[in-house]
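**Student:** Attaching a predicted model along with its sequence, questions to come.
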Amino acid sequence: MINLVTGASGFLGGHVVEELCRRGEEVIVLARRTSNLSALKNLKIEIRYADLRDPVALKEAMKGVDRVFNCAGAVRFVIPYKEIHDVNVAGTERTVSAAAEAGVRRIIHTSSIAALGPDGLLSPSDLKVDRPDIKYGYSRSKTEAEAVFFRKCAEKGIEGVALRPGVIYGPRDFTSAYYWFNFVDTDKTQLVGDGSSRFPLIYISDVVEAFMIASARENVNGRTYNLDGPESVSLKMIYDLISKELGKEPSYKFTPYWLAYFAARMSELRSALGGYKNEPRLSTFVIFLFGKDSERPDCSNAKLDFEFRPKIGVKEGISKTASWYKDLQKSDRVAK
């Protein structure tokens, strides 16, 4: 199998590339000229340059590829919807079209637990491409991207499967984990409410393992699967574990949900008035995610169809991530 990975400079994509190489697979990395691929510099990979906005370059990059791991996407919560749509929705459509023209046989698509829709086999009536009824732009983009993905795969005759992980964390995660550790490290931990609200969390190696299995199974075409870790967690639980790893005494600031949500909304408005030049630290989506209890996602279809069994609990996962964070801090101090 010749595998192509989009989004390889990112957290998930980079780990997918590493695992494919560890298994002795032939790996092609799709990247932009400006992408930082330093984490993959010692791996035996081929790099092909293309932008998700360039269908001609995408088609050229897909030549000779059997399988695509589509890990590219914008994890942004406070930008105009047309911008996140261009990457997450239109980018997915262009990727599938280019893959089809190049003769790719299967695509494993990265969705999100934030996507709204049924788990398992999707019917044509489920594939509603335009979903302005969804409140949060990121959730809307991942939902619409799924619909585009399955519709285009069916039209083009490509096998497609979508995986919906919860919040992914682990070494090299600069979206969530780095900030959690840094907040504890600098005594800036803030919690919404009492910090006990539960949300889905899954360690990176468990996600990658699910991707590997789904890429090889024959009974997963046209299906979407939820992925969650072995336990439900809260942000306070995470901060408590990080505090132990860093040898810090927890010092929490608690903010009522309504006040945190209001502050996030004000941050979003300031960002909009400033032309969205800077991503604000607060967003209503993040406050909702960490401030309201989430039901545990039903992962029974993943267990049934490809024996999905997450192995890394939050205590072990935070410990593994702590080693990376400490090494990162040491290297930063040496550089200074």
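**Tutor:** Noted; the coordinates are in hand.
**Student:** Tyr325 in helix, strand or coil?
**Tutor:** Following DSSP: H, G, I helix; E, B strand; the rest coil, the label given to Tyr325 is helix.
**Student:** ok, it - contacts?
**Tutor:** Contacts were defined as CB atoms under 8 Å, 6 or more residues apart in numbering; by that measure Tyr325 touches Ala177, Tyr178, Phe181. Placement of C-beta: from N, CA and C, glycine included.
**Student:** Look at the residue nearest to the last one when sequence neighbours are not counted and report its pLDDT.
**Tutor:** Once its chain neighbours are removed from consideration, Phe181 has its nearest residue in Tyr325; the separation is 4.4 Å (CB to CB, 6 or more residues apart in numbering). At Tyr325, the model reports a pLDDT of 96.
**Student:** What distance do you get for Tyr325 to Ala177?
**Tutor:** In this structure, Tyr325 and Ala177 are 8 Å apart, going by CB to CB, to the nearest Å.
**Student:** Ser234 and Ser197 touch, don't they?
**Tutor:** Yes - in this structure, Ser234 is within contact of Ser197 by CB atoms under 8 Å, at 5.9 Å.
**Student:** would you list every one of the helices in the stretch 201-336 of the chain?
**Tutor:** Under the criterion DSSP state H, counting those that start in this stretch, helices of the stretch 201-336 of the chain are mapped to 204-216, 235-246, 257-273, 284-291, 300-306, 314-335.
**Student:** Show me what secondary structure element comes after the worst-scoring helix or strand of the chain on mean pLDDT.
**Tutor:** Taking mean pLDDT, DSSP states H and E as the measure, the chain has strand 120-121 as its least confident helix or strand, at a mean of 66. Toward the C-terminus, strand 120-121 is succeeded by helix 137-156 as the next helix or strand (DSSP states H and E).
**Student:** Can you name the next helix or strand after that following helix?
**Tutor:** Stepping forward along the backbone from helix 137-156, the first helix or strand reached (DSSP H and E) is strand 159-165.
**Student:** I would like the residues contacting that next one, please.
**Tutor:** Looking at strand 159-165 with CB under 8 Å, 6+ apart, the contacting residues turn out to be 96, 105-113, 115, 119, 146, 149-150, 153-154, 202, 207, 210-211, 214, 220-228, 297.
**Student:** Might you report the residue contacts of Ala115?
**Tutor:** Ala115 touches Ser139, Lys142, Thr143, Ala145, Glu146, Arg164, Thr224, counting by CB under 8 Å, 6+ apart.
**Student:** between these, which is closest to Arg33?
**Tutor:** Ala145 (24.4 Å; CB to CB).
**Student:** Run a quick neighbour tally on that closest one.
**Tutor:** Ala145 has 28 neighbouring residues, counting by other CB atoms under 10 Å.
**Student:** does it really touch Asp86, like I thought?
**Tutor:** No - with the criterion set as CB under 8 Å, Ala145 and Asp86 do not qualify as a contacting pair; they are 11.2 Å apart.
**Student:** Can you pull out the low-pLDDT segments for this structure?
**Tutor:** Along the chain, the model assigns pLDDT under 70 to residues 118, 120-125, 333-336.
**Student:** Mind giving me the PyMOL select for the contacts of Tyr325, buried ones only?
**Tutor:** Applying 16 or more other CB atoms under 10 Å to those, the buried members can be selected in PyMOL as follows:
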select buried, resi 177+178+181
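**Student:** so is Ile168 in a helix, a strand, or just coil?
**Tutor:** When the structure is split into helix, strand and coil by three-state DSSP, Ile168 lands in strand.
**Student:** Tell me the spacing between the residue nearest to Asn219 when sequence neighbours are not counted and Ser35.
**Tutor:** The spatial neighbour of Asn219 that comes closest, neighbours along the chain excluded (CB to CB, 6+ apart), is Asp305 at 5.8 Å. Note on Asp305: its distance to Ser35, by CB to CB, is 33 Å.
**Student:** buried stuff in stretch 41-56?
**Tutor:** Burial within stretch 41-56, assessed by neighbour count using 16+ other CB under 10 Å, is assigned to Leu43, Ile45, Arg48, Ala50, Asp51, Leu52, Pro55.
**Student:** again with stretch 198-217
**Tutor:** With burial defined by 16+ other CB under 10 Å, the residues of stretch 198-217 counted as buried are 198-215.
**Student:** What separation do you get for Thr189 and Thr224?
**Tutor:** With distances taken as CB to CB, Thr189 is found 35 Å from Thr224.
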